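Chemist: just need the structure, nothing else, for what follows:
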Amino acid sequence: MMMRAGLVLAAGLVLVTGCGASGLQTGAGTVEKKTTEAFLTTVESDWHQRVDTEPNKNLSPDGRCYFVTGADGNQSLGTVACGPLRRLGTAERQVWDLVRITTTGGDEPGLEIPENEPWKQSQLRPDSSSLWRPDDKVTDDNADNLAAPPAPAATSGLITVTAKSETLELKPTSDKLVLPDGTVTLKGLATPETIGSGTEVKAPASGEKFIAAIFSTSPTIDPLTDRPGFDGTTTATKWTVSVGGEQRPVDVLPRGDASAMTGDQMLLVSVPKDAPDVLLTATSGPVVQSLSLTTGKRTTDAAATYYRTGTLTDLNKSLPKTAGNQGRDFTSTYSLALQKAVLTPWDPARGWAPQGKAWVRVQLASTLNYESIQYQIEWTAPFLTATADGRPVPAVPNKADDDYIALEVPADTKVVQLTATARLKFAAKSYALSATPKSGTVTYPSLTATATFR
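Modeler: All right, here's what the predicted structure looks like:
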């Protein structure tokens, strides 16, 4: 804060001759009481013009200006202090605005603020000093302990996600929402009275309260590939905060960049004080999942198999290279491995399993070699069949050279028995007039495996 040049002139105009013990003692002599009164009145008026219109402050009703003097008298220390005034974001006891003053020389000492002298705002009272006024008005005993001004209110219905750190008294939580395009893990909840710090501090709007949720994000890894299971070709999850019947959109997961899912973030939402519950809701196609921002618990049972343990099993079953020849000309070899199986609500190719169902996704590897010059081939379906807890699983089109096959089973399935039987139809090409046989089917030995889920 800079002092106007006009104030310097005003100080010069109030210089009065004479000196006395009742004046201000300076290195250039004693400045008479009426001179100090006029000077201080001018400084105080200018100071009030500057600070009275400042927002977000607590100005004491007794706010005025004083000469800073030695602790044992009225010996000037060359400073004027005005206050107490506590600004938003300042520390305790930093309630004084200080400006340097000088004494004009000569037989009639006066006072002035040097031209363009800056004010130091929100300072501590100088050590080993007193505050003196020629009218003998004194500061209140608790002047230095002036309370901070109230934080300004945030926008009603505020909702934001930020990586900005806050010091919060968190209630630890650990529930999560798992979606194909990412996993959100809730780490803690708080209801702070204010948010932010310094001049950025905010209080809730009238009638509202803050809820702060600390969360982290991570890719949802496909256990069969060890890569993120969402390829971005399906519509991303829509996130909202549900307050009563109101849905407030919010961006929780970074879009299209799994590598960006790092570090903790804070979801801050301002809600009515009497809101019974506040939900973080994720909508992915027909599947809706929610976390309570009041209890920290998941409130829905959709996509239940995402939250089961023991849903991945190693099958480790293989059919070694096996010959499948017919007639004089058709020759073939086929090998097969049933590698892993996972119970999951989501399949990249087929999307979400129906309600109450899940997919058993099976990872396979196969190799076929055959006489391709004279013959064309086609796998017959179904190749992989199954039972779930002893009950037949509906057959779906799948082939013996697929890398992954998904079968629909009840979501609470514990044991899946898999049977893979490869059947290869072949037929001679139109120009292979002498090929023998002309067509046929080769059935390779079946391979079975059991997938057990906890």
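
Chemist: so which residues make contact with stretch 446-454?
Modeler: Stretch 446-454 is contacted by residues 308-311, 313, 315, 317-319, 336, 338, 341, 343, 360, 362, 413-421 when judged by Cβ atoms under 8 Å, 6 or more residues apart in numbering. Glycine gets a C-beta too; all of them are placed from N, C-alpha and C.

Chemist: how many neighbours does residue 386 have?
Modeler: Residue neighbour count, defined by other Cβ atoms under 10 Å, stands at 26 for residue 386.

Chemist: returning to that earlier point: out of the contacts of stretch 446-454, which are buried?
Modeler: 311, 313, 315, 319, 336, 338, 341, 343, 360, 362, 413, 416-418, 420-421 (16 or more other Cβ atoms under 10 Å).

Chemist: quick one: contacts for residue 24?
Modeler: 30, 31, 33, 36, 67, 69, 74, 76, 111, 132, 134.

Chemist: so where's this protein shaky on pLDDT?
Modeler: Low-confidence regions of the chain, defined by pLDDT under 70, span residues 1-21, 231-235, 255-262.

Chemist: doesn't residue 205 make contact with residue 154?
Modeler: Yes - with contacts counted by Cβ atoms under 8 Å, residue 154 reaches residue 205, the gap being 5.9 Å.

Chemist: between those two, what contacts are shared?
Modeler: By Cβ under 8 Å, 6+ apart, the residues touching both residue 154 and residue 205 are residue 270.

Chemist: so the two - more neighbours on which side?
Modeler: More crowded of residue 154 and residue 205, by other Cβ under 10 Å: residue 154, with 20 against 17.

Chemist: just the CA trace of stretch 290-300, in CSV.
Modeler: Output for stretch 290-300, consisting of C-alpha atoms alone and laid out as CSV, is shown next (Å, rounded to 0.1, in the frame of the first residue of the first chain):
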residue,chain,number,x,y,z
SER,A,290,-23.2,-45.8,-5.9
LEU,A,291,-21.0,-44.9,-2.9
SER,A,292,-22.3,-43.0,0.1
LEU,A,293,-20.4,-39.9,0.8
THR,A,294,-21.9,-40.0,4.3
THR,A,295,-21.0,-43.5,5.4
GLY,A,296,-18.2,-44.3,2.8
LYS,A,297,-20.0,-47.6,1.9
ARG,A,298,-21.1,-48.9,-1.4
THR,A,299,-24.9,-48.8,-1.5
THR,A,300,-25.6,-50.9,-4.6
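
Chemist: just the buried positions in that stretch, please.
Modeler: Neighbour-count burial for stretch 290-300 flags 290, 291, 292, 293, 294, 296, 298, 299 (criterion: 16+ other Cβ under 10 Å).

Chemist: ok, those vs residue 384, which is closest?
Modeler: residue 298 (33.0 Å; Cβ to Cβ).
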